[in-house]
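**Student:** Got a predicted structure here, sequence first:
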Amino acid sequence: MSPTSRRSRPATRLPRRRTARRFTAQLLAIAAAVGLLAAGPAAPRAAAAPEPCANGYVAITFDDGPSAMTPDYVQALYDAGWVRATFFLTGAHALDHPQYVDLLAQNGHWIGNHSYSHPFLDDLGEPDAFNELLGTNQILLAQTGTAPTLFRPPYGRTNAAIRQDATTLGMTEVLWTTDSFDYNGITTQEIVDNALQVPSGGIILLHEGYATTLAAIPRIVDGLAERGLCAGKVVPSATPVEAWPGTTYYAVAGHW
């Protein structure tokens, strides 16, 4: 209890104090109302951004590396928020740029098999198609200490025999749900617009070696974040996913 509360005060002052308080409250209410009228109607609140990864994951994948631009791609992904992606590498390019295979592995990116020489595997026949996969697996195993568990056929050209080759070598065949068409000479914004059509759980096809694709990386990551999506890891799926009519594969994007 404060010292002032112990003092005796005339009873006649109490009503005056209550009246003064009531009058002050009325003045404040009037001032607030006038302020609201002067300011006009309240602006609507901006919609809150979705929580990170609230709506799932999308796999960002790059074909045809490693290349002279691999370090730039790694840096762009890091600058976009330490984003990890999946790189499908050819055996021939891995032999040309072994240091960049190491760079990808050291930065936590997933490395997949994209054949040795990037041919139409379905035109090669067996055992040539199998050897394209086997040779690349051996090269990447020697360079990283880990054999690839993911395989993407060049151009998406595949058949039952090629899928069986991948399975025999312990790999899941991975196609894509969303083609960025970055290899068609389109602009960076067109690449971004195409890539951002990806659904949750989907896989985006991109390529190494294009300055336009490199510039698209941060915009794609930002666009996904606006939808509550995060870059994820390609994982096997028990449910088939349609790449295009008549062609399915068994992989989706999930948490790293």
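**Tutor:** Noted; the coordinates are in hand.

**Student:** Strands along the protein, start to end?
**Tutor:** Ranges of strands in the chain, per DSSP state E, are 57-65, 86-89, 110-113, 150-151, 172-173, 178-179, 203-207, 230-231, 233-244, 247-254.

**Student:** so how far is the first one from its chain's centroid?
**Tutor:** The offset between the C-alpha centroid of strand 57-65 and the centroid of the whole chain comes to 9 Å, using Cα atoms, centre = their mean, to the nearest Å.

**Student:** One more: the last one?
**Tutor:** For strand 247-254, the gap between its own C-alpha mean and the chain's C-alpha mean amounts to 16 Å (Cα atoms, centre = their mean).

**Student:** With the longest one instead?
**Tutor:** A distance of 16 Å separates the centroid of the chain from that of strand 233-244, by Cα atoms, centre = their mean.

**Student:** other SSEs contacting that strand?
**Tutor:** With contacts taken as 3 or more Cβ pairs under 8 Å, 6 or more residues apart in numbering; DSSP states H and E, strand 233-244 sits against strand 57-65, strand 110-113, strand 247-254. The way it works is simple: take the backbone N, C-alpha and C, and place the C-beta from them, glycine included.

**Student:** what about 6 Å?
**Tutor:** Strand 233-244 sits against strand 247-254, with contacts defined as 3 or more Cβ pairs under 6 Å, 6 or more residues apart in numbering; DSSP states H and E.

**Student:** quick one on the thing from earlier: select, out of the strands of the chain, the one closest to Thr158.
**Tutor:** Closest to Thr158 of these is strand 172-173 (Cβ to Cβ; 6.5 Å).

**Student:** Neighbouring strands of the closest one in the sheet, and parallel or not?
**Tutor:** Strand pairing for strand 172-173, using DSSP bridges, gives strand 150-151 (parallel).

**Student:** Could you list the residues in contact with the partner strand?
**Tutor:** Strand 150-151 is contacted by residues Gly112, Asn113, Ala166, Met171, Thr172, Glu173, Val174, Val234 when judged by Cβ atoms under 6 Å, 6 or more residues apart in numbering.

**Student:** can you count the residues close to the residue nearest to the fourth one when sequence neighbours are not counted?
**Tutor:** Spelled out, that is Met171. Nearest non-adjacent residue to Met171, counting by Cβ to Cβ, 6 or more residues apart in numbering: Phe151, 4.1 Å away. Phe151 has 25 neighbouring residues, counting by other Cβ atoms under 10 Å.

**Student:** any idea how far Asp72 is from Phe151?
**Tutor:** Using Cβ to Cβ, to the nearest Å, Phe151 is found at 25 Å from Asp72.

**Student:** For the residue sitting nearest the centre point of the chain, name its beta-bridge partners.
**Tutor:** For the chain, the residue nearest the mean C-alpha position is Ala231 (2.3 Å; Cα atoms, centre = their mean). Taking DSSP bridges as the rule, Ala231 bridges to Val58.

**Student:** ok, it touching Ile60?
**Tutor:** Yes. In this structure, Ala231 is within contact of Ile60 by Cβ atoms under 6 Å, at 5.1 Å.

**Student:** Tell me the residues that contact both of the two, please.
**Tutor:** Contacts common to Ala231 and Ile60, judged by Cβ under 6 Å, 6+ apart, are absent.

**Student:** Tell me which of the strands of the chain is the most buried.
**Tutor:** Sort the strands of the chain by mean neighbour count, taking mean count of other Cβ atoms under 10 Å, and strand 86-89 sits at the top with a mean of 27.

**Student:** Identify all contacting residues around that strand.
**Tutor:** Here strand 86-89 makes contact (Cβ under 6 Å, 6+ apart) with 59, 61-63, 65-66, 104, 109-112, 114, 152, 234.

**Student:** rewinding a little: show the pLDDT at the residue nearest to Met171.
**Tutor:** You'll see Phe151 listed with a pLDDT of 98.
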